[in-house]
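J.: here's my sequence, what's the structure:
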Amino acid sequence: MKNITPQPPRQHSIWIYIVFAFIAMSGLSYINFLPGLVNALAGNIGYSESEAGQIVSLNGYGALFGTATAIFVVRRFPWKPLLLASFVPLLLLEVSTPSIDGLNAMLITRFFSGFTGGLAVGVSFSMLARLTNSDRAFGILLFTQFTIGALVMYCLPLLESNNNHFAVFYIMAAIVMAGLLLTLFMSPHTLPKAAISHMQANIKSIAHSVRLMLTILLYISAASALYTYVGVIGIHANFGQEQVSTDIAFTGLLGLIGAMLPMLKSRLLKRQPLIVSGALLCAAASIMLLQPALSHAIYIVALALVFFTWPAVQSYLFASAADLDPSGRLSTIASLIASVGMASGPLLAALLIEPGNYTSMLYTCSALFALSTVVLLIPLKSHSNINSLQPNRSHSEIS
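T.: As a prediction, this is how the structure comes out:
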C-alpha cells in the first residue's frame with residue numbers, strides 16, 4: 001500500500017485575510033456606526049427616537065434569521081454563489097431605502113436587508129474560519145470593523161450636510177458594492193470546501209453553559225442598547241451632532257486597544273477579573289450618562305469606558321464558550337445568542353425611552369451589566385479547576 005504523506009495546510013497571504021475580513025464586515029456594516037444611523041433616522045429623516053430603535057431592531061432580527069439560515073446552507077453550497085446571492089439583493093435594498101415612505105414599509109425593508117446581510121455574514125464567518133490562521137482572520141475583521149466605524153462616524157455629518165439626510169444608507173450601499181466586487185474578483189478555489197466536523201460536544205455542565213449564554217445575552221443586550229442611543233444622548237445634551245460623531249469616532253478607536261487584550265499572553269491578564277471589571281465599567285458608564293447636566297468631559301469618559309471594554313469582554317466570553325465545548329458547537333450557539341442580544345438591545349431601549357428622557361433606559365442598561373457579572377460568577381468559580389477562564393492557547397496558536 002502506498003504511503004500518503006499529509007500535505008501541510010495552505011498558507012494564505014495577508015491580502016486574502018484583509019479581503020475576506022472586509023467581505024465579512026460588509027453584510028452588516030451598519031453595526032459599526034449604529035449611532036450615526038440612529039441619529040439620522042431620529043433626526044432629519046423624520047422618525048421618532050423610539051421608531052428609530054424599532055427600525056434598527058428589526059434590522060437586527062432579520063440578521064439573526066439570516067445568520068441562522070447560513071448554518072444550514074454553508075456546507076451544501078459553494079461560498080461564492082451564496083455571497084453573490086446575498087449581496088445583490090442587499091445592495092438593491094440599501095439603494096431603495098431612501099425612497100421608502102412610512103414606518104411599516106421601512107420596518108419590512110430593513111428586516112429583509114438584515115436577513116440578506118446576516119446570511120452574508122454567516123457565510124463569511126465560515127470562510128474566515130477556514131483560513132490558515134483563524135486568530136489573525138478574526139483579528140483583522142475586528143480591526144476592519146472599528147476602523148470603518150470610526151471613519152464613517154467622523155465623515156457622516158459632512159456627508160449629510162453636503163448631500164442629503166440619507167447619506168448613511170448610501171454609505172452602506174457603497175460598502176456592500178465594495179464587498180460584492182471583491183467577491184466577484186476572488187477565485188472560488190481560494191478556500192477549501194467546508195469540512196464536516198465529527199467532534200462530539202464536550203460540555204462539562206449544561207447548567208453552566210446556559211448561565212454563560214445568559215451572560216452573553218445580558219451583556220450584549222445592554223451594550224447594544226447603550227450604543228444605539230449614545231449619540232442621541234450627546235445631541236440632547238447640546239454637544240451638537242458633528243461634535244458627537246467626532247467623539248464617537250475617536251473614542252471608538254479605543255476598541256482596537258481593548259480587542260488586543262485577549263491576544264496578549266500574560267499571566268497578569270486573567271479572564272475572570274477582566275470580564276467582571278469590564279462589565280462593571282460599562283455599568284458605571286451608564287450611570288455617568290444619567291447626570292442631569294451632562295458635561296462633555298463626562299460624556300467622553302463614558303464613551304471611552306464602553307468602547308474600550310466591550311470588545312475585550314465579548315472576546316473573553318466567546319473564549320469561555322470555546323473552552324467549555326471544544327467541538328465548537330457552543331461557540332456557534334454563542335454567536336446566535338449574541339445576534340439576539342444585538343437585535344434585542346435597541347428594541348428594549350426603544351421601549352424604555354421617552355422623548356428627551358433616557359433615565360429608565362440607562363438604569364436598565366446599568367442593571368443588565370451588573371446582572372451579567374452576577375450570573376457569570378457562578379460558572380466561573382465552578383470551573384476554575386479546568387482553567388476554562390484562562391487563555392490556554394499556545395503561543396503559536398495566537399501569534
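
J.: name the single longest helix found in the chain.
T.: helix 206-236 (DSSP state H).

J.: in that one, what counts as buried?
T.: 208-209, 211-236 (16 or more other C-beta atoms under 10 Å). Just so you know, the C-beta spots here come from the backbone N, C-alpha and C atoms, and that holds for glycine as well.

J.: shaky segments in the stretch 201-350 of the chain?
T.: 201-205, 262-269, 321-323, 325-332 (pLDDT under 70).

J.: do that again at 90, thanks
T.: Applying pLDDT under 90 to the stretch 201-350 of the chain picks out residues 201-213, 224, 227-232, 235-275, 290-295, 307-350.

J.: please identify the helix or strand for residue 18.
T.: helix 14-26 (DSSP states H and E).

J.: isn't residue 49 up against residue 42?
T.: Yes. The pair residue 49 / residue 42 is scored as a contact, 4.6 Å apart, by C-beta atoms under 8 Å.

J.: my guess is residue 356 meets residue 236, correct?
T.: Yes. Taking C-beta under 8 Å as the definition, residue 356 is a contact partner of residue 236 at 5.8 Å.

J.: how about residue 44, what does it touch?
T.: Residue 44 sits next to 160, 165 when contact means C-beta atoms under 8 Å, 6 or more residues apart in numbering.

J.: and it, helix, strand or coil?
T.: Under DSSP: H, G, I helix; E, B strand; the rest coil, the three-state class of residue 44 is coil.

J.: tell me, what's touching residue 49 and residue 42 both at once?
T.: By C-beta under 8 Å, 6+ apart, the residues touching both residue 49 and residue 42 are residue 232.

J.: packing partners of the helix or strand harbouring residue 287?
T.: Using DSSP H and E, residue 287 sits in helix 271-288. Contacts defined by 3 or more C-beta pairs under 8 Å, 6 or more residues apart in numbering; DSSP states H and E place helix 271-288 against helix 206-236, helix 296-324, helix 359-382.

J.: export those helices to TSV and tack on distance to residue 250?
T.: Below are the helices and strands packed on helix 271-288 laid out as TSV (distance: least, C-beta to C-beta, whole Å):
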stretch	distance to residue 250
helix 206-236	13
helix 296-324	9
helix 359-382	22
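
J.: re the thing from before, in the helix holding residue 18, what counts as buried?
T.: Within helix 14-26, the residues scored as buried using 16+ other C-beta under 10 Å are 16-26.

J.: got the angle between the helix or strand following that helix and helix 206-236?
T.: Going down the chain from helix 14-26, the next helix or strand is helix 34-41, by DSSP H and E. Interaxial angle, helix 34-41 versus helix 206-236 (axes from the mean of the first three to the mean of the last three C-alpha atoms, to 10 degrees): 50 degrees.

J.: which strands and helices sit next to helix 34-41?
T.: Counting by 3+ C-beta pairs under 8 Å, 6+ apart, the packing neighbours recorded for helix 34-41 are helix 49-73, helix 134-162, helix 167-185, helix 206-236, helix 241-252.

J.: let's have those in JSON lines, adding distance to residue 123.
T.: Formatted as JSON lines, the helices and strands packed on helix 34-41 follow (distance: least, C-beta to C-beta, whole Å):
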{"stretch": "helix 49-73", "distance to residue 123": "5"}
{"stretch": "helix 134-162", "distance to residue 123": "14"}
{"stretch": "helix 167-185", "distance to residue 123": "10"}
{"stretch": "helix 206-236", "distance to residue 123": "22"}
{"stretch": "helix 241-252", "distance to residue 123": "26"}
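
J.: quick one: closest of those helices to residue 104.
T.: helix 49-73 (10.4 Å; C-beta to C-beta).

J.: what's the angle between the closest one and helix 359-382?
T.: Orientation check (the same axes, to 10 degrees): helix 49-73 against helix 359-382 gives 30 degrees.

J.: helix 49-73 - what's its average pLDDT?
T.: The average of the pLDDT scores along helix 49-73 is 85.

J.: buried residues in the next helix-or-strand element following it?
T.: As assigned by DSSP H and E, the chain's next helix or strand after helix 49-73 is helix 79-96. Residues of helix 79-96 classed as buried under the neighbour-count rule (16+ other C-beta under 10 Å) are 79-80, 82-83, 85-87, 90-91, 93-95.

J.: need the contact list for the nearest residue to residue 339 once chain neighbours are set aside.
T.: Nearest non-adjacent residue to residue 339, counting by C-beta to C-beta, 6 or more residues apart in numbering: residue 64, 4.4 Å away. By C-beta under 8 Å, 6+ apart, the residues touching residue 64 are 114, 118, 336, 339-340, 343.

J.: need the max-distance pair from these.
T.: Greatest spatial distance in the contacts of residue 64: 114 and 336, 14.2 Å, computed using C-beta to C-beta.

J.: so what does residue 354 look like in phi/psi?
T.: Here is the backbone geometry of residue 354 (degrees, to the nearest 10): phi -120, psi 160.

J.: list the beta-bridge partners for it.
T.: Taking DSSP bridges as the rule, residue 354 bridges to residue 357.

J.: got the phi and psi for residue 76?
T.: Main-chain dihedrals, residue 76, degrees, to the nearest 10: phi -100, psi -20.
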